[in-house]
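Asker: Need a 3D model of the following:
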Amino acid sequence: MHLSASLMPRLARPLAAAAVLGLTTGAVCAAGISAAGPAVVGRVAAGDQNPVQKADGYVVELRLPPAGVAAGAEAEIPLRISDTRQGDPAPGVPAARLRARITLPADASVSVAEPRAYSKGTVPGDYALACTFPRAGEYRLELRVTPPGVDAKEFTVTFPVNVTAAPAAGAAAAAESSYTLSFTMDPRSPGVGQGVKMTFALKDRATGRIVTDFDAASDTALQVVVVREDLGEFFQEQPEYDERTGEFVLPSFGFPNGGNWRVFVEAAPRGAGVVTFSEKVSVNGAQALRTPLMARGLPLVREGGYTLTLKPVRLNAETLVPLAFTLTDNQGRPVTDLQPWRGGLAHLFLIERDGKTYLHALPDTTDPSNGRTGTLSFPVRFPKQGTYKGWVRFQRLGQTVTMPFILRVTK
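Answerer: I've put the predicted structure just below:
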């Protein structure tokens, strides 16, 4: 779509086609780091809300959880890597190789298990570390980064990480209040099959102004998913940008059934990662029979001439879970030629039975073969236990395929 220079969302520019598509990554997170010296050691930049270090033209921003980092439970520490040499705003670096080590300088006897690094969410350049701190204290995170490219040089940055015995109460809720979503429908009370115009605008809560500065997320600044209340129907939509107003518009969406529906909206305001909103919609007209959600062992799905099988994995909430699937064609051959589509080789959507808990992941780019050898692996953190409906979506031979399944997640 064409965006005017005055109102167009400012999106992070991609580095190179191969990097954007996640074709040349190989991030490894290990406790043992080689003795080779770093290219440059960054310094903490003063005055930034999040800890920031700079090295060799790159910026690494550590996005510590607003609630703090607590000892004893697995923590997810998001971070972002940007390349300032590519202009302003600096685009994310989506194909870096990462190695991390965590120590407690005050007590060398404390051992921290090696963190696991993975690409996070749908914004190029966003990563996360999954690690467990055994006790409270001031830890040291050493992160070695190798940008994409044959001639790229590794650099090292370090961050202090303050770990407490318990997170600060209410901090997470405060973080969610930075943005609001303006959502309207025309008509307000739609009927089955009626063309409905949906309009979306992300706003800064503090100023009330429409946000137009975004990181690139799934090749668009804003993405919409529409599901029936019982999760029996699923639609992934790409809204159009309105140059006159700065809003995003779905010109005409038709609800196939009456009853209650959920509209999920993802946006990636610059420097904030992905924010998600949920709106409930009531549709007049005949309702479909409810689809039961029953998880029966590991999913094996056959759809559109393809077979999708989940590899054995323990499905626990509040920990990093690598959901790895094998994907074969109708001849039983591994599918190795998926087409890049909406920012990745595939998309995984997960929604809990309550219709409010929503997850969206792309294949983990820390494995350069991910999605290229008949296997798709997605890094997922289920926020709570429950029954989840999932959809894996991909494009091959010009056709989009959706493969649904159900998972039961325990605590």
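Asker: doesn't Lys120 make contact with Thr366?
Answerer: No - in this structure, Thr366 is not within contact of Lys120 by CB atoms under 8 Å, at 10.4 Å. Bear in mind the C-beta positions are built from the backbone N, C-alpha and C, glycine included.
Asker: Give me the mean pLDDT for stretch 302-321.
Answerer: For stretch 302-321, mean pLDDT is 94.
Asker: That stretch: which residues count as buried?
Answerer: By 16 or more other CB atoms under 10 Å, the buried positions in stretch 302-321 come out as 306-308, 310, 315, 318, 320-321.
Asker: now do stretch 393-409
Answerer: By neighbour count with 16+ other CB under 10 Å, stretch 393-409 contains the buried residues 393-396, 401-407, 409.
Asker: Also stretch 249-267?
Answerer: Of the residues in stretch 249-267, 249-250, 253, 255, 257-259, 261-267 count as buried by neighbour count, 16+ other CB under 10 Å.
Asker: Columns pLDDT, secondary structure and distance to Arg290 on top of those, output as a markdown table?
Answerer: Compiled in a markdown table, the buried residues of stretch 249-267 are given as follows (pLDDT from 0 to 100; DSSP: H, G, I helix; E, B strand; the rest coil; distance: CB to CB, whole Å):
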| residue | pLDDT | secondary structure | distance to Arg290 |
| --- | --- | --- | --- |
| Val249 | 94 | strand | 31 |
| Leu250 | 96 | strand | 26 |
| Phe253 | 97 | strand | 22 |
| Phe255 | 98 | coil | 16 |
| Asn257 | 97 | coil | 11 |
| Gly258 | 97 | coil | 13 |
| Gly259 | 97 | strand | 9 |
| Trp261 | 97 | strand | 13 |
| Arg262 | 97 | strand | 15 |
| Val263 | 98 | strand | 19 |
| Phe264 | 97 | strand | 20 |
| Val265 | 96 | strand | 25 |
| Glu266 | 93 | strand | 26 |
| Ala267 | 92 | strand | 31 |
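Asker: Nearest to Ile210 among those?
Answerer: Nearest to Ile210 out of the buried residues of stretch 249-267 is Ala267 (CB to CB; 11.2 Å).
Asker: Can you tell me who that closest one pairs with across the strands?
Answerer: Leu222, Val275 (DSSP bridges).
Asker: from here on, count from 469
Answerer: Noted, 469 is the first residue going forward, which turns the last one into Ala735.
Asker: In contact with it: list those residues for me.
Answerer: Neighbouring residues of Ala735 by CB atoms under 8 Å, 6 or more residues apart in numbering: 647, 649, 670, 679, 682, 685, 689-691, 742-743, 745.
Asker: any chance of these in TSV, plus neighbour count?
Answerer: Formatted as TSV, the contacts of Ala735 follow (neighbours: other CB atoms under 10 Å):
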residue	neighbour count
Tyr647	16
Leu649	17
Leu670	24
Val679	24
Phe682	22
Ala685	27
Ala689	26
Leu690	22
Gln691	26
Val742	18
Val743	19
Phe745	18
